[in-house]
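**Student:** Generate a structure from the sequence data that follows.
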Amino acid sequence: MRKCAGCGEMKPKKDLIRVLKTEEGIVVDMTGRKNGRGVYLCPSITCLEKAKKSKGMDRSLKMPVPSEIYEELENNLKASE
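**Tutor:** I've put the predicted structure just below:
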């Protein structure tokens, strides 16, 4: 079980999207298998907006998340709907 950075609900790891901090920077890990410090998000635009507004992902990763990552997540979520 993992906690969503947007809504704060505990959900199974497989139901969430993982964003992680690696040596190369911050990346979206759709497989959930890459090495690095991760933060999880529900696959919904609402949770993405909440995480962006509250800076929940920034706090979890201990660094600011670039706007390109938010855009990539938003595009992935819109494509999957």
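
**Student:** by contact count, what packs against the lengthiest helix in the chain?
**Tutor:** In the chain, assigned by DSSP state H, the helix with the most residues is helix 67-80. Packed against helix 67-80, as judged by 3 or more Cβ pairs under 8 Å, 6 or more residues apart in numbering; DSSP states H and E, are the following elements: strand 17-22, strand 25-29, helix 45-54. C-beta: built from backbone N, CA, C; applies to glycine.

**Student:** chain center to the shortest one, what's the gap?
**Tutor:** In other words, strand 25-29. 9 Å (Cα atoms, centre = their mean, to the nearest Å).

**Student:** What of the last one?
**Tutor:** Centroid separation between helix 45-54 and its chain, computed with Cα atoms, centre = their mean, is 10 Å.

**Student:** Show me which of the helices and strands packed on helix 67-80 has the highest average neighbour count.
**Tutor:** For the helices and strands packed on helix 67-80, the largest average neighbour count (mean count of other Cβ atoms under 10 Å) is found in strand 17-22, namely a mean of 19.

**Student:** Direction included, what does that strand pair against?
**Tutor:** Counting by DSSP bridges, the strands paired with strand 17-22 are strand 25-29 (antiparallel), strand 37-41 (antiparallel).
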